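Engineer: just to be clear, the model below is a prediction. Sequence and coordinates:
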Amino acid sequence: MHKKWKIQTAESETMAWVQRELNCHVATAAILALRGYLSKEDLAQFLRPSFRHLRSPFELAGMAKAVSRLCHGLSQMEKILVFGDYDVDGITSTILLYQFLRDIGADVTYYIPHRIREGYGLKSKHINELVLPGETSILLTVDCGISSHNAVGLAQRSGVDVIITDHHDAPAQLPPAFAIIDPKRRDCASGLMHLSGVGIAFYLAMALRKGLRDMGFFASRKEPNLKQSCDLVAMGTISDVVPMVKENRILTRAGLEILRSGHRPGINALARVCGVAQRHISSEDIAYRLAPRLNAAGRLDHAKVAARLMDTPTLDKARQYAEQLDHLNLLRQKEEARVLDEILKYLDGQPDWAQKSCLVCASPDWHEGVIGIVAARLTQMYCKPTILISLQDSMGKGSARSIPGVDIRSALEACSHLLHRYGGHPMAAGLQISANRIVSFWDCLDKEIRRRTSAEDLTPILIIDYCLELTDITPKLLDEIVALGPFGPQNPEPVFMASNVHVLASKIVGKGHKRMRLSASPDKKGPAWWGIQFNPDPDTLEAQRFTRIAYRLQWNHWNHNKSIQLLIDETQV
């Protein structure tokens, strides 16, 4: 769908003040002014993020109690089990705490469930078949557990203390755990709701290190350097698409530095398989190259492959895991393409669906490990919340993806009388539903979304941060833009607009992408830049001139050189 372009305008006096304060390009000043950095302190904290700006982990409700229990357990060498989730956030959370505890001498193991055979979250069967036979004393959940009332109750009654760390919405009635760390619990005033699961895990490690330090635990052993674990925090935070602000941005920025240093053999091997230059790894590389391969393990096989990659100390073993993940990712891509093609053909024969405010489709032939990604693709294509359901016998498992302004989890809550279970975030959720209720559910969800939205809400909008003509692009400006990163929700990569753009040369590369040499002048007299547009509109493939383009600026690293590259979001002829 073509988007409606919305050009933002910063207040001129504020923009001028920022420009004087930083001695920066006017475009950089406009972006900072638009995003609300209006004081010297705000600018300093944003442009020079530091661990000094991290809030204390003990501001999280439940943290002090969790640390006290873990300190006692460590002093008594009690058995600890870290129980995680099968996505990148869950895997990185699991390995971060497992490595931290192992490195300080704890008797610790970890477990990640199988997506298809076991499903999401801690269940009673895990207590009976895993926790109790293993003589676990402390069960530590990461990126899950906040809704596992039955399993937590069983563990506590069996003499196992459960410490929950999670970042999903907390129910009014919390599970009967020994301690619960979730910034979204109603009595938590930490203001850390933006943290991912791995962010919470990192905060627990920080607090536990402080507690152990205070009791003299490190008098005879080395104290762990937690900054080295920020590579895992960056991976999980970017992959889980949480707001890239405050603590998330501080930890992710530090984590990208660690990733580029080559600290972890598993990441080095995975980057090589992906064709990513390890010393230049970016947020975009993680989101679109590394994370999909890590997620492919949990989607099509078992996430323990990805976990082992993150934990392996040798490059040879890491290469084996990385190649296995790359193979799984190819299978994942093929399955996604098959499912997407099937849905698009079905929609072509069902024109009435276009009048709906959302899309709900189901089939027994879809692998439940890929439907979430296909739902995200359809949501992007049609700018409508989408739910795809994988059917098995009379029951379906669904993945929901939404658009800005439509809280899909809240919408599911309004239709909960038709669901067996549901949960998730405003932009992504999961559900279980009986096959015979799917039609009624679609009608209910359609009405609920219509009640909450207008036609304008369902029109995709492209936010333009600044009108920047091609003649005004400079290396210094691009360096300033890079300093505004890492980018993500609530700190998006700046989008610029240029008018009257001429295509001096072009060719199709990869799978239908268009690489172009662009200039403001048709006669090659002015500056020209290489640009690339992924999956361009067929109507514009032969265009030699655009009335305007929307683009982002990035460094292109190739053969130890770097050059300015435009990533074209949209064009108008």
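Structural biologist: Received the coordinates, thanks.
Engineer: need the next SSE after the lowest-mean-pLDDT helix or strand in the chain, C-terminal direction.
Structural biologist: Ranked by mean pLDDT, DSSP states H and E, the weakest helix or strand in the chain is strand 421-424, scoring a mean of 87. Per DSSP states H and E, strand 421-424 leads on to strand 428-434 as the next helix or strand towards the C-terminus.
Engineer: buried stuff in that next one?
Structural biologist: Neighbour counts over strand 428-434 (16 or more other Cβ atoms under 10 Å) mark 428-431, 433 as buried. (C-beta placed from N, C-alpha, C; glycine too.)
Engineer: so the next helix or strand after that strand versus strand 428-434, what angle?
Structural biologist: Moving toward the C-terminus from strand 428-434, the next helix or strand (DSSP H and E) is helix 438-452. In terms of direction (axes from the mean of the first three to the mean of the last three Cα atoms, to 10 degrees), helix 438-452 departs from strand 428-434 by 140 degrees.
Engineer: in its sheet, what does the helix or strand following helix 438-452 sit against?
Structural biologist: Note on helix 438-452: by DSSP H and E, the next helix or strand toward the C-terminus is strand 461-464. Here strand 461-464 has these sheet partners by DSSP bridges: strand 4-7 (parallel).
Engineer: can you list contacts of the strand it pairs with?
Structural biologist: 459-464, 467, 497, 550, 570 (Cβ atoms under 8 Å, 6 or more residues apart in numbering).
Engineer: longest helix of this protein?
Structural biologist: Assignment by DSSP state H gives helix 315-348 as the longest helix of the chain.
Engineer: buried ones in that one?
Structural biologist: Quick answer for helix 315-348 (16+ other Cβ under 10 Å): 317-319, 321-322, 324-326, 328-329, 332, 335-336, 339-340, 343.
Engineer: list the strands paired with the helix or strand that comes right after it, with their directions.
Structural biologist: Proceeding N to C from helix 315-348, the next assigned helix or strand is strand 359-363, under DSSP H and E. If you go by DSSP bridges, strand 359-363 pairs up with strand 386-392 (parallel).
Engineer: what pairs with whichever helix or strand comes after the partner strand, and is each one parallel or antiparallel?
Structural biologist: Later in the chain than strand 386-392, the nearest helix or strand by DSSP H and E is strand 395-401. Counting by DSSP bridges, the strands paired with strand 395-401 are strand 386-392 (antiparallel), strand 428-434 (antiparallel).
Engineer: G199 is in what secondary structure piece?
Structural biologist: Going by DSSP H and E, G199 is in helix 197-214.
Engineer: tell me how far that helix lies from the chain's centre.
Structural biologist: Taking Cα atoms, centre = their mean, to the nearest Å, one finds the center of helix 197-214 at 22 Å from the center of the full chain.
Engineer: ditto for stretch 565-573
Structural biologist: For stretch 565-573 - counting by Cα atoms, centre = their mean - the centre lies 25 Å from the chain centre.
Engineer: same deal with stretch 22-38?
Structural biologist: Distance, centroid of stretch 22-38 to centroid of chain: 26 Å (Cα atoms, centre = their mean).
Engineer: what's in contact with it?
Structural biologist: By Cβ under 8 Å, 6+ apart, stretch 22-38 touches 8, 10-11, 14-16, 18-19, 42-43, 46-47, 465-466, 468, 472, 474, 476-477, 480-481, 484, 491, 494, 496.
Engineer: kindly report the same for stretch 108-117.
Structural biologist: 79-86, 90-91, 94-95, 98, 101-102, 119-121, 126, 130, 134, 298-299, 302-304, 307, 368-369.
Engineer: filter these down to the buried ones, PyMOL style.
Structural biologist: One line in PyMOL is enough to select the buried ones among the contacts of stretch 108-117; burial here means 16+ other Cβ under 10 Å:
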select buried, resi 79+80+81+82+83+84+85+86+90+91+94+95+98+101+102+120+121+126+130+298+299+302+303+304+307+368+369
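Engineer: in strands, which of the contacts of stretch 108-117 appear?
Structural biologist: 79-83 (DSSP state E).
Engineer: from those residues, which is closest to T237?
Structural biologist: V82 (18.6 Å; Cβ to Cβ).
Engineer: report the beta-bridge partners for that closest one.
Structural biologist: Y110, L140.
Engineer: quick one: residues contacting it.
Structural biologist: Per Cβ under 8 Å, 6+ apart, neighbours of V82: 94, 97-98, 101, 108-111, 140-142.
Engineer: give me the buried entries from those residues.
Structural biologist: Judged by 16+ other Cβ under 10 Å, buried ones among the contacts of V82: 94, 97-98, 101, 108-111, 140-142.
Engineer: now distance to T386 and pLDDT too, for these, in TSV please.
Structural biologist: Formatted as TSV, the buried ones among the contacts of V82 follow (distance: Cβ to Cβ, whole Å; pLDDT from 0 to 100):
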residue	distance to T386	pLDDT
T94	29	98
L97	34	98
Y98	35	98
L101	40	98
V108	40	98
T109	38	98
Y110	33	98
Y111	32	98
L140	35	98
T141	29	98
V142	29	98
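Engineer: kindly indicate which of those lies nearest P313.
Structural biologist: Using Cβ to Cβ, the shortest approach to P313 within the buried ones among the contacts of V82 belongs to Y98, at 13.5 Å.
Engineer: what sits against the closest one?
Structural biologist: With Cβ under 8 Å, 6+ apart, Y98 has these contacts: 82, 108-110, 311.
Engineer: could you point out which of the strands paired with strand 395-401 sits nearest A201?
Structural biologist: strand 428-434 (20.1 Å).
Engineer: how distant is the closest one from the center of its chain?
Structural biologist: For strand 428-434, the distance to the chain centre is 20 Å (Cα atoms, centre = their mean).
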